[in-house]
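J.: Quick one, structure for this:
(one chain, ligands or ions: 1)
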Amino acid sequence: MKQRQKEGALRAESKIRHRPRRSFLKFIWTSLGLVALAEVIFLYFSFLLPPGKNQKKQGTAMFPAGAVGNYRPGSVTAFTRGFFYLACQEDGGFLAYSSRCTHLGCTLPWNENEKLFICPCHASSFDIRGLVVSAPAPRPLDRYRVKIENGMIYVDTSRKIKRKEFHPGDVVYADQVKTGDGEQS
Ligand code: FES
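T.: Below is the predicted model of the structure:
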């Protein structure tokens, strides 16, 4: 009986002795969890939001898209961080589009075999100039202003330009000064 009482007392004493250590570990884990959460939030705002959302107030958000020479005519390149596509037309000119469908805003994948953007939601499709090939999309893909400077391409993602049709003047070439910044056509 005495032996059992002694054991009980020892167990109780051990619990009391370990309590501060457990609280300390709990505090450490909670702190680490909060730091990890803060990092996730920071990364979301730094990288996942379109640059335009952060930089709109400054007027422009020139997204560097690399050298002209990196693109072959007839190619479409996705910029997932900028939420846009850069299309190098058959004649070597450049157009940049929003990756959102103009019907209800689904994200559009480029289909290399069909040479079309085909919407996974309601099957609208768009050609390499961003023009509607099949409805229900009501208008061409919204475009972004493209600027080429010293052989480097920049896309202004701060402002989407809505359009009703294709304007050859919207296409930007490496050897021109023009920046394709026309408004709604
Ligand atoms: S959202 Fe693209 S066709 Fe409806």
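
J.: Name the next helix or strand following the one helix or strand in the chain whose mean pLDDT sits lowest along the chain.
T.: Lowest by mean pLDDT, DSSP states H and E among the helices and strands of the chain is helix 51-55, with a mean of 47. Using DSSP states H and E, the helix or strand that follows helix 51-55 towards the C-terminus is strand 62-67.

J.: which helices and strands does that next one pack with?
T.: Applying 3 or more Cβ pairs under 8 Å, 6 or more residues apart in numbering; DSSP states H and E, we find strand 62-67 packed against strand 75-79, strand 152-161. (Glycine included, C-beta is placed from N, CA and C.)

J.: Mind listing the strands the last one pairs with, and their directions?
T.: With DSSP bridges as the criterion, the sheet partners recorded for strand 152-161 are strand 62-67 (antiparallel), strand 143-149 (antiparallel).

J.: Which among the ones you listed is found nearest to the ligand?
T.: strand 143-149 (16.8 Å; Cβ to the nearest ligand atom).

J.: So for that closest one, what gets flagged as buried?
T.: Within strand 143-149, the residues that count as buried by 16 or more other Cβ atoms under 10 Å are 143-148.

J.: which residues sit against it?
T.: Here strand 143-149 makes contact (Cβ atoms under 8 Å, 6 or more residues apart in numbering) with 62, 68, 84, 86, 94-98, 130, 153-157, 159-161, 163, 170, 172-174, 176, 179-181.

J.: Work out the gap between it and the centre of the chain.
T.: With Cα atoms, centre = their mean, to the nearest Å as the basis, strand 143-149 stands 17 Å off its chain's centre.

J.: send the alpha carbons of that strand over as CSV?
T.: Provided in CSV are the C-alpha atoms of strand 143-149 (Å, rounded to 0.1, in the frame of the first residue of the first chain):
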residue,chain,number,x,y,z
ARG,A,143,-4.7,42.6,-74.5
TYR,A,144,-1.8,44.3,-72.8
ARG,A,145,0.5,47.0,-74.1
VAL,A,146,3.8,45.6,-75.3
LYS,A,147,7.0,47.6,-75.5
ILE,A,148,10.3,46.5,-77.0
GLU,A,149,13.4,48.3,-75.9
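
J.: Give me the mean pLDDT for that strand.
T.: Averaged across strand 143-149, the pLDDT comes to 92.

J.: And stretch 30-42, by the same measure?
T.: Across stretch 30-42, pLDDT averages out at 65.

J.: The residue nearest the centre of the chain: what secondary structure?
T.: Geometric centre of the chain, nearest residue: R81, 3.3 Å, by Cα atoms, centre = their mean. Following DSSP: H, G, I helix; E, B strand; the rest coil, the label given to R81 is coil.

J.: Repeat that for I28.
T.: helix.
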